[in-house]
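Student: A structural model of the following input is requested.
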Amino acid sequence: MNDQPPTPEHPLNDPSDPGAARGCPVAHGDLAHGDVTRLYGPDASVDPHGIYARLREEYGAVAPVLLEGDVPAWLVLGYRECRRVLDNPLQFSRDSRIWRDWKEGRIEAASPLIQMVGWRPDCVSQDGEPHRRLRLAVTDNLHAVASRGIRRHVTYFANKQIDAFADRGTADLVADFAEYLPMLVLTRVFGLAASEGRTLAESCAHVIKGGAEALAHNDRIMRILGELAERKRQEPGSDFTTGLLEHHAGLDEDEVLGHLRLVLIAAHTTTSNLLARVLQLLLTDTSRLAGLVSGELNVSAVVEEVMWNTPPLAVLPGRFATADLELGGTGVREGDLLVLGLTAGNLDPEIRPDTGVSVQGNQSHLAFSGGPHECPGQGIGQAIIEGAVDALLHRLPGLHLAVAAEELTSTASTWESRLDTLPVAFAP
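Tutor: Numbering: from 1, shown residues only. Predicted coordinates for the structure are as follows:
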């Protein structure tokens, strides 16, 4: 543990900088100067990898950035530094109530950032014993629903999705398949009507994307989940919602709703993105696709590779420094916001000088976060992806990419980079 005060040599901690006195990476009065990289907007949406590389070259493992609304934060780019933050909740808390910009009134309650980093009555927003109590309720019930035939739900909904385009001989496997399949499975897991799936998937995407509509879409999610919780109090079932309501941890109403929201958004957005990227890799590398069909390669190996190179969550929100300390040679002040570059960390040349080397069998990537807050739903996501790929290969003979691989494009927000389309053709 190295709790040294910020070094004056760091360009953002120069005592002459009015922002240095309060420890923020950028003084609010200087934001209009435009000399700090924004992780949102047109440039960030097109070339996030270029931004990460440029920041790494200029600042090293930890760089100053601006989030939506020109909110200052530190972007952690180094693999080892990400691990240190994830593994040390006493130094880097997930509790945003210690975020200095929030405490001092510089963040509006309607800011889209609040949907991602604001405090909520869920396990992600807390550390220590409160975190353990709430996380236990989540993990117990995720394990319970995973043991109740989730692959059967995946197969059912995957085939229903495929039925809609199987006779055409063409499809977009993003819009026609990956974008909604995980949410359809989650409706069954939660005890929701499948008809709610498309609405919830669209709202989850807006919450992650940010922008002016994020708050309204979050409200819509909470309304649907509130009605669900009330219905399950009256009519319990063998679903995740009932499990939270009846768990011995004794979650109150706000805690139940908070965890329904947390699992719904996190599970859908990451799994839909991951599924699209796995299909992209298979269809742009025919040797992998052939290996999968022949049984020489399994889906989990492809998922592992995607987790390293294009993790579904590119930037993880957020952690808050509990004291003045040093991270990667950079001075961080108490109350500063840090966001973790999972993609940048996975591609850190300090640990992967040659990204062409196989990572098969190496599960030490950052894609599932780490430490006490590591994603508890990994098994469910894996089951959805394996079932989805299996259904596609069995139902669509001759499946192949309908455009050149270099024509595929992605659009990024602060938190993720999503494949825009995946046009394919097959024998109808």
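Student: can you give me the distance of the residue nearest to residue 379 when sequence neighbours are not counted to residue 154?
Tutor: Spatially, and ignoring its direct neighbours in sequence, residue 379 is nearest to residue 146 (5.5 Å; CB to CB, 6 or more residues apart in numbering). From N, CA and C alone the C-beta is placed, and that goes for glycine too. According to CB to CB, to the nearest Å, residue 146 and residue 154 sit 11 Å apart.
Student: what comes up buried for stretch 235-246?
Tutor: By 16 or more other CB atoms under 10 Å, the buried positions in stretch 235-246 come out as 239-245.
Student: which other residues reach it?
Tutor: By CB atoms under 8 Å, 6 or more residues apart in numbering, the residues outside stretch 235-246 that reach it are 137-138, 140-142, 144-145, 148, 188-191, 228-229, 232-233, 251, 256, 259-260, 263.
Student: apply 7 Å and report the result again.
Tutor: 137, 141, 144-145, 148, 189-191, 228-229, 232-233, 251, 256, 259-260 (CB atoms under 7 Å, 6 or more residues apart in numbering).
Student: same question, stretch 175-188
Tutor: 150, 153-154, 157-158, 161, 164-165, 171, 193-194, 196-198, 200-201, 264, 267-268, 271-272, 275-276, 279, 384, 388, 421.
Student: rerun that using 6 Å as the cut-off
Tutor: 153-154, 157, 161, 165, 194, 196-197, 200-201, 267-268, 271-272, 275-276, 384, 388 (CB atoms under 6 Å, 6 or more residues apart in numbering).
Student: make a PyMOL selection of the buried ones in those.
Tutor: The buried residues among the contacts of stretch 175-188 can be selected in PyMOL (16+ other CB under 10 Å) with this line:
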select buried, resi 153+154+157+161+165+196+197+200+201+267+268+271+272+275+276+384+388
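Student: among the contacts of stretch 175-188, which lie within helices?
Tutor: 153-154, 157, 161, 197, 200-201, 267-268, 271-272, 275-276, 384, 388 (DSSP state H).
Student: can you pull the buried residues of stretch 376-395?
Tutor: Residues of stretch 376-395 classed as buried: 376-378, 380-392 (neighbour count, 16+ other CB under 10 Å).
Student: give me the mean pLDDT for that stretch.
Tutor: In this model, stretch 376-395 carries a mean pLDDT of 93.
Student: could you give the separation of that stretch from the chain centroid?
Tutor: 18 Å (CA atoms, centre = their mean, to the nearest Å).
Student: export that stretch to PDB, keeping only CA atoms.
Tutor: This file holds the C-alpha atoms of stretch 376-395, laid out as PDB (Å, rounded to 0.1, in the frame of the first residue of the first chain):
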ATOM      1  CA  PRO A 376     -21.700 -13.100 -10.200                       C
ATOM      2  CA  GLY A 377     -23.700 -13.900 -13.400                       C
ATOM      3  CA  GLN A 378     -20.900 -15.300 -15.600                       C
ATOM      4  CA  GLY A 379     -22.500 -18.800 -15.800                       C
ATOM      5  CA  ILE A 380     -25.800 -17.500 -17.100                       C
ATOM      6  CA  GLY A 381     -24.100 -15.300 -19.700                       C
ATOM      7  CA  GLN A 382     -22.000 -18.300 -20.900                       C
ATOM      8  CA  ALA A 383     -25.200 -20.500 -21.100                       C
ATOM      9  CA  ILE A 384     -27.000 -17.900 -23.200                       C
ATOM     10  CA  ILE A 385     -24.100 -17.500 -25.700                       C
ATOM     11  CA  GLU A 386     -23.500 -21.300 -26.000                       C
ATOM     12  CA  GLY A 387     -27.100 -22.000 -26.600                       C
ATOM     13  CA  ALA A 388     -27.500 -19.100 -29.100                       C
ATOM     14  CA  VAL A 389     -24.500 -20.200 -31.200                       C
ATOM     15  CA  ASP A 390     -25.600 -23.800 -31.100                       C
ATOM     16  CA  ALA A 391     -29.100 -22.900 -32.300                       C
ATOM     17  CA  LEU A 392     -27.700 -20.700 -35.200                       C
ATOM     18  CA  LEU A 393     -25.300 -23.400 -36.400                       C
ATOM     19  CA  HIS A 394     -28.000 -26.100 -36.400                       C
ATOM     20  CA  ARG A 395     -30.700 -24.000 -37.900                       C
END
